[in-house]
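Chemist: Got a predicted model here, sequence first, then my questions.
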Amino acid sequence: MKKSDVKIGGEYYAKVTGKKVVVQIDAINGDGGWDATNMSTGKAVRIKTAERLQGPAQAAGSADTAIAKRARKRVAKTKAGGERRSGGDKPKMSCLSAAAKVLEEPGEPMNTQEMIAAMADAGYWTSPGGKTPHATLYSAILRELKKGGGSRFVKVERGRFGVRD
């Protein structure tokens, strides 16, 4: 494409991270090129040259038009707030906050594997698929312990933590 063919507000096919996607040109970038929105993810991208654009996305009657329509729907959904989390209206609790809450309930020290199991049983937090969430939690608790008196946790013995009074 030529630079003169690019219009603000237009939708074009562009190669972004090795994939052909629909982008909407939002504005001219002060350093050259354009600021755009990837219509399939809703993320901002920068198009540095017109050569990166592969043509308008409004080709009538083509299968690519269906791709462009789906991409616009996805972006509209994310701009409108996206889908609700599985937990309903309340925001998802962080792993550390869930660990502190689990430690407060029984009042006895636990190791991180016991905390992970208790958090999952209570529905406070579940691992997003990591292989060693207990190791991640252990590391996060140790980082928080460096705060000193501002920490929510206290190390009771090797590998076992309690909640600060």
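Modeler: The structure has been received and is ready for your questions.

Chemist: rest of the way, CA atoms for contacts and neighbours
Modeler: Noted.

Chemist: How about the secondary structure of the closest residue to residue 115 other than its chain neighbours?
Modeler: Nearest residue to residue 115 in three dimensions, chain neighbours excluded: residue 99, at 6.1 Å (CA to CA, 6 or more residues apart in numbering). Three-state call for residue 99 (DSSP: H, G, I helix; E, B strand; the rest coil): helix.

Chemist: Just the buried residues of stretch 156-165, please?
Modeler: Under the neighbour-count criterion of 16 or more other CA atoms under 10 Å, stretch 156-165 has 160, 161, 162, 163 buried.

Chemist: who touches that stretch?
Modeler: The contact list for stretch 156-165 (CA atoms under 8 Å, 6 or more residues apart in numbering) reads 100, 103-104, 107-112, 151-155.

Chemist: Check stretch 135-155 too.
Modeler: Identification of contacts with stretch 135-155 by CA under 8 Å, 6+ apart yields 95, 96, 100, 112, 161, 162, 163, 164.

Chemist: Tell me the spacing between the first one and residue 53.
Modeler: When CA to CA, to the nearest Å is the yardstick, residue 95 and residue 53 sit 42 Å from each other.

Chemist: Could you do the second one as well?
Modeler: Between residue 96 and residue 53 the distance, using CA to CA, works out to 44 Å.

Chemist: on that earlier part again, surely the residue nearest to residue 115 touches residue 114?
Modeler: No. Assessed by CA atoms under 8 Å, residue 99 is found out of contact with residue 114, at 9.8 Å.

Chemist: If you count surrounding residues, which of those two has more?
Modeler: residue 99 (27 against 14; other CA atoms under 10 Å).

Chemist: Read off the pLDDT value for the more buried one.
Modeler: Listed pLDDT for residue 99 reads 94.

Chemist: Which strands border the strand ranked longest in the chain, and is each parallel or antiparallel?
Modeler: Scanning the chain for the strand with the most residues, using DSSP state E, yields strand 19-28. Within its sheet, strand 19-28 is paired with strand 11-16 (antiparallel), strand 34-38 (antiparallel), according to DSSP bridges.
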